[in-house]
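> I need the structure of the sequence given here:
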Amino acid sequence: MLGAAHDSFGSLDILVNNAGITADAMAHNMTDEQWDLVCDVALKGTFNLCRAAFPLLRGSRDNPPGHHRKVVNMASINGIYGIAGNANYSAAKGGVIALTKSLAREWARHRINVNAVAPGYIAGTRLTGARDDDTGLGIPEAIIERIEAQIPIGRAGTPEDVAGAVAWLASGDSDYATGQVIELHGGREMVELL
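All right, here's what the predicted structure looks like:
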């Protein structure tokens, strides 16, 4: 993927890392495989892509003055506040937040802004839709109803809400923002699923 970007454009202006998966279990019942799967996808995958993309993001010394490159990492409010039954996901997304802040410090001198978006409950995704018994993805419908009823803004988040925040962080309007985590949860900081 990065080779294709290099061959086509010679550099990279925007990288959005949007990976996540769940393998629900209470911590005392969680297997090493469940822990590793979630951490490998969400945290290790984000790290590997950032590391591999750095030479393209840095570009050359001929970059126009003031030209900023952007990295937007998808975190989660679970990585900020934690959640029962998903210690692996919370830890991985918390790691994405720490990685974001570390890379923001390392890469600022190269005019690479590194930020994160931390969504709460966003309706209409594979992870937040009604539970699919075949894949294990999703949330039981009774819990979805409870979550949506507790959102102070009066509605569930949408993928478009997240896309708007990502678009702003990828734009020139956010050139002075780095190392930031934008929380998108409609006023509901804690999502308790159990």
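> quick one, strands of the chain?
14-17, 69-74, 112-119, 181-184 (DSSP state E).
> Just list the residues touching the residue nearest the centre of the chain, thanks.
Nearest to the mean C-alpha position of the chain, counting by Cα atoms, centre = their mean, stands Met74 at 1.1 Å. With contact set as Cβ atoms under 8 Å, 6 or more residues apart in numbering, Met74 has these partners: Val16, Asn17, Asn18, Ala19, Gly20, Val96, Ala116, Val117, Pro119, Val162. C-beta coordinates here come from the backbone N, C-alpha and C atoms, glycine included.
> contacting residues around Gly172?
His68.
> out of the contacts of Met74, which is most surrounded?
Neighbour counts for the contacts of Met74, by other Cβ atoms under 10 Å, peak at Ala116, which reaches 29 neighbours.
> List phi and psi for the closest residue in space to His185 that isn't next to it in sequence.
Of all residues not flanking His185 in the chain, Gly120 sits nearest, at 2.9 Å (Cβ to Cβ, 6 or more residues apart in numbering). When quoted as degrees, to the nearest 10, the phi and psi of Gly120 stand at phi -100, psi -140.
> Tell me the pLDDT of Leu184.
You'll see Leu184 listed with a pLDDT of 95.
> And for Ser60?
The model's pLDDT for Ser60 equals 63.
> contacts for the lowest-mean-pLDDT helix or strand in the chain?
None of the helices or strands of the chain scores lower by mean pLDDT, DSSP states H and E than helix 141-149, at a mean of 86. Outside of helix 141-149, the residues within contact range by Cβ under 8 Å, 6+ apart are Tyr121, Ala123, Thr128, Ala130, Arg131, Ile139, Arg155, Ala156, Arg188, Val191, Leu193.
> Looking at these, which one is closest to Asn48?
Thr128 (25.6 Å; Cβ to Cβ).
> one step back: now distance to Leu103 too, for the strands of the chain, in CSV please.
As requested, the strands of the chain are exported to CSV (distance: least, Cβ to Cβ, whole Å):
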stretch, distance to Leu103
strand 14-17, 11
strand 69-74, 7
strand 112-119, 4
strand 181-184, 13
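> for this protein, which spans come out with low pLDDT?
60-65, 190-194 (pLDDT under 70).
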